[in-house]
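J.: no sequence for this one, just the structure:
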Ligand SMILES: O=C[C@H](O)[C@@H](O)[C@H](O)CC(=O)O
């Protein structure tokens, strides 16, 4: 199995708290992005001290309360399934803070991390304020929820988006990359993909490849899987009959999303 593909690896770490994914610099090739998926039983509490990391706490499904020990946000979350296809609530918590998440009902929480030195204010990113963007044409259509974009000054280095791609369509396509710290031409952002499928038994194909093909992995990605993108192009193809969801975390030395399309496939964008 590709080293870039992570299957769910559940571990109950305390009463009602199950870690489903925990991507760190210690167990991945990523240095700027950390990623965690946590399942919480009703009433369960997850607590974390952040150190020099900032974190976007996403109420992926279910309802949660979040506190940074100064502010408390209650009943966050808008959906029982990501395939309700509506934005959800998130909370940005900066470095050197401690946060607690408590489940109001059964909840899945996604924790998105990137390095941070300058402490910024904790911020509730309300679902109603999440930008919804429809991209693409022909069989390249997808819908994007922009939770933390590169133009959002709420975070130091973190970008978080979620993408919906209906069956028979491609996204993160034409293939693009952002693996060179070469602004203004291209930025260097590492990336993770957290995937869900509807129906659950579905799969997508995701390729991660570099110009020199030093990385060239084509993966069958299933519900709940994570794909790591340390470098390279990273297109996703969705079979007919299934809908794809993924949540992206991106971070790098500069919080600018300046990608470079694979020249061989950029013509896709020119179709009338
Ligand atoms: O670089 C960003 C990620 O590849 C996705 O968020 C991608 O941009 C989604 C899309 O535009 O299809």
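T.: Structure's in. What do you need? This structure is a prediction, so every number in the text was calculated from the model and none was measured. Numbering: from 1, shown residues only.

J.: Which positions in the chain make contact with the ligand?
T.: Residues of the chain lying near the ligand by C-beta under 6 Å from any ligand atom: 135, 142, 161, 163, 171-172, 191, 234, 248, 259. Backbone N, C-alpha and C define where each C-beta goes, glycine included.

J.: Dump the residues you listed into TSV; add pLDDT as well.
T.: Written out in TSV, the entries for the residues of the chain next to the ligand read as follows (pLDDT from 0 to 100):
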residue	pLDDT
135	98
142	98
161	98
163	99
171	98
172	98
191	98
234	98
248	99
259	98
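
J.: Closest to residue 70 out of the residues you listed?
T.: residue 161 (27.6 Å; C-beta to C-beta).

J.: residue contacts, the closest one?
T.: If you count contacts by C-beta atoms under 8 Å, 6 or more residues apart in numbering, residue 161 has them with 144-149, 247-248, 250.

J.: Mind doing that once more with 7 Å?
T.: Taking C-beta atoms under 7 Å, 6 or more residues apart in numbering as the definition of contact, the neighbours of residue 161 are 144-147, 248.

J.: Same check on residue 57?
T.: For residue 57, the contact set (C-beta under 7 Å, 6+ apart) comprises 66, 90-91, 93, 99, 101, 109, 111.

J.: what do you get for residue 179?
T.: With contacts defined as C-beta under 7 Å, 6+ apart, residue 179 is in contact with 188, 231-232.

J.: Distance of it relative to residue 145?
T.: To residue 145, residue 179 is 24 Å away according to C-beta to C-beta, to the nearest Å.

J.: ok, so of the contacts of residue 57, who is nearest the ligand?
T.: residue 90 (15.8 Å; C-beta to the nearest ligand atom).

J.: tell me the SS of residue 269?
T.: Look at residue 269: counting by DSSP: H, G, I helix; E, B strand; the rest coil, its state is helix.

J.: what about the closest residue to it other than its chain neighbours, how many neighbours?
T.: Excluding its sequence neighbours, the residue lying closest to residue 269 (C-beta to C-beta, 6 or more residues apart in numbering) is residue 174, at 6.3 Å. Using other C-beta atoms under 10 Å, residue 174 has 18 neighbouring residues.
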